[in-house]
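Visitor: Let me see the structure of the following:
(chains A and B)
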Amino acid sequence: MSTLKVENLSKQFGDVTALEDVSFEIEDEFAVLLGESGSGKSTLLRCINGLTEPTEGTIALDEKEITGSRTDVGMIFQQHNLVDGVSAYLNALTGSLNRVSMLRSLLQWQSREDKLRALEALETVGLLEESHQRVSQMSGGQQQRVGIARALVQDPRLLLADEPVASLDPSSAETVMGYLRKAAKEHDVTALVSLHQVNIAAHFGDRFIGLRDGQKLFEVEREDLSPELIDDLYGSVETVGLADQEETVEGVIAESDGNDNVEREIKI
Amino acid sequence: MSAPPSRDNAIAEYLGYAEIGDSPAEHKLQEMKRRKTRRRLWTLVGIVAAYVLFYSSLLLIEFNLTELAGQLDQFYEALLGYFPPTTYFGIPFIDVAQYVNFIIEENLILTIENGQIVWGAMFVTLAVAFAGTVLGLPLALFFGVMSSERVVPYPFNFAFRATMSLIRAIPGLVWFLILIPLAGVTPFTGALAIMVDTTGYLGRLFTDELEEIEDGPIEGIRSTGASRSQIVSFGMLSQVVRQFIAWIAFDLEHNVRAAIGLGIIGAGGLGLELYIQRQTFHYTEMMACIILIFLLAGSVELISQRVRSALREDDTVEKSGILEAFVNAPRNILASTMGRRGQ
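Guide: Residues are numbered from 1 along each chain as shown, chains lettered A, B, ... in the order given. Take a look at the predicted model:
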């Protein structure tokens, strides 16, 4: 049970305006962020997660303002961002890092509770049997599910996902989205997921926020998501239009390119 | 057709300085001949200069063929010392028993006295290398990590980089000489020299490895709300653990070879034994030491390479065969002694 409130959020990278005066509020829903590459989806998510400082505006989770990375906001990345060389279990366990001291985490002396939580999270995403395997030996879809598990171990109130299925084939994409939705429901967390694939979005989302050139274009409930809105968002690109359910597959296949070319600053 | 050229003209034409021919092709031919003439003149100057240098060098080192010839008998005797001949069942062969006797007598490997193990020179060398590596490891890790731009921001990480460069600029052999006042001409000082050397080299290898890590996992760990030191260990170091272990194995291999060189200048072990035997003209004993050195360096190299290739499944570590490892041993010992890292 949590509320994410974004107010007048703006972000500039030098001369480039990535986000301009974006405001919205989501409460206990599975919200989907739509928009072209470069429309500001990643920047918005990174601001909410605290990986990027916004230029202006505020972000509040349950009335409390968010600054910096915090544990009750879980993030799932397009490129998984897992540690390849170690097991799925140890990756999931890194979700509990903020709860243990440096020394204990180095020696893997997390509490039994945290260890079980990591395994349970892997169970939620259907990977309990594979949890001892090295992440580098897993398929893209499985790796993304480990990413979901890691976010769950943080015990978050808000789950963010930045194009979690952009680099996956349609079938794995559907599986991963299914697990993501299930995880959000089981753990009772609000989720905000950016997606390229309009049809997947329409299938899984409760609420839809459309971004274009850094500005919010629309914010609608599932029943109000119309083909016209989508056309507005993407211009008149034929293959991304909100197709009838029978035509979905083509739509999904056509839209699976990847990266937002948002400037990435990695600092620790 | 013009008149047949005179003799002078023929030479000038050959050298490219004759004024003949009208067509562009003929002009070009003459021009190229001139170039060739100039090139030959420069070559001649070079040869003369090299000869002068060579001759002065010979004078300086008092090179003397007559002395060489006079010493041949002595060298032949030394050769008989290096490889003492004997016959097995009437077939002439090297008297291996003499090596073995000396190795046992001088306890070069190890013996057991009254239930206690007495470690020989070979293990002293190994210990100098191993202790030096382990002592240097935390320092290498510290300097390696602190030199990374991702951990310490730009101008400041250079303080650590510069320290390692300075260490590497001085060969391990010289570090030993520098550190003698600290702990004497002992294996202890040898281990300290190797510790310093390891800090510079292994640290640098660590830094290089850290340059190649990916940002994704770092960001992933950061997003969980982990502390700074946790981000460094889980986001960065966890990506390179296997590579680090592989480099440690490589460095240990290098340090064993370096320890042999250090031994010769006083750090004990096989190197020192070799030096003593040479000074006392015990050629057979000298060769016994050299054989042990081959065996030690070769086996450590083999083990290290196997460990490394097992750790870096995807990376290609050059694997040498058993024979190759031992054949390459002398060259590698020399390289390591001089502070270069070869495989």
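Visitor: If I follow the layout properly, residue A:78 ends up in contact with residue A:160?
Guide: No. With contact defined as CB atoms under 8 Å, residue A:78 does not count as touching residue A:160 (11.7 Å). From N, CA and C alone the C-beta is placed, and that goes for glycine too.
Visitor: neighbour count winner among those two?
Guide: A count of neighbours by other CB atoms under 10 Å in any protein chain shown puts residue A:160 above the other of residue A:78 and residue A:160, at 26 against 22.
Visitor: Would you list the phi and psi of that one?
Guide: Torsion angles at residue A:160 (phi, psi; degrees, to the nearest 10) stand at phi -110, psi 140.
Visitor: Show the contacting residues for it.
Guide: Listed by CB atoms under 8 Å, 6 or more residues apart in numbering or on different chains, the contact set of residue A:160 reads A:45, A:48, A:49, A:73, A:74, A:75, A:76, A:191, A:192, A:193.
Visitor: can I get those residues in CSV with pLDDT?
Guide: Output for the contacts of residue A:160, formatted as CSV (pLDDT from 0 to 100):
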residue, pLDDT
A:45, 92
A:48, 90
A:49, 88
A:73, 90
A:74, 91
A:75, 92
A:76, 93
A:191, 94
A:192, 94
A:193, 94
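Visitor: contacts with chain B among these, please.
Guide: Restricting these to those near chain B by CB under 8 Å from any CB of the partner chain leaves A:49, A:73, A:74, A:75.
Visitor: is the lengthiest helix in chain A anywhere near chain B?
Guide: Across chain A, the longest stretch assigned as helix under DSSP state H is helix A:170-186. No. Under the criterion of CB under 8 Å from any CB, chain B is not reached by helix A:170-186; the shortest gap measures 15.7 Å.
Visitor: For the stretch 1-150 of chain B, give me the ranges with low pLDDT.
Guide: Along the stretch 1-150 of chain B, segments meeting pLDDT under 70 span B:1-6.
Visitor: Please report the number of neighbouring residues for whatever residue of it ends up closest to chain A.
Guide: In the stretch 1-150 of chain B, the residue that lies nearest chain A is residue B:150 (6.6 Å; CB to the nearest CB). Neighbourhood size, residue B:150 [other CB under 10 Å]: 19.
Visitor: and it, helix, strand or coil?
Guide: Look at residue B:150: counting by DSSP: H, G, I helix; E, B strand; the rest coil, its state is coil.
Visitor: go on, residue A:80?
Guide: Judged by three-state DSSP, the three-state class of residue A:80 is coil.
Visitor: would you put the C-alpha positions of stretch A:197-214 in CSV?
Guide: Coordinates of each C-alpha in stretch A:197-214 appear next as CSV, following Å, rounded to 0.1, in the frame of the first residue of the first chain:
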residue,chain,number,x,y,z
GLN,A,197,5.8,-2.8,-26.6
VAL,A,198,2.3,-1.2,-26.6
ASN,A,199,0.5,-4.5,-26.7
ILE,A,200,2.3,-6.0,-23.7
ALA,A,201,1.6,-2.7,-21.9
ALA,A,202,-2.1,-2.9,-22.7
HIS,A,203,-2.2,-6.5,-21.5
PHE,A,204,-0.5,-6.0,-18.1
GLY,A,205,-1.1,-2.3,-17.1
ASP,A,206,-3.7,-0.7,-14.9
ARG,A,207,-2.8,2.8,-15.7
PHE,A,208,-0.8,4.4,-18.5
ILE,A,209,1.3,7.4,-18.6
GLY,A,210,2.5,8.6,-22.0
LEU,A,211,5.7,10.7,-22.3
ARG,A,212,6.7,12.7,-25.4
ASP,A,213,9.8,14.9,-25.6
GLY,A,214,10.0,14.9,-21.9
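Visitor: about what we covered before: tell me which of the contacts of residue A:160 fall in helices.
Guide: Using DSSP H, A:45, A:48, A:49 are the members of these that sit in helices.
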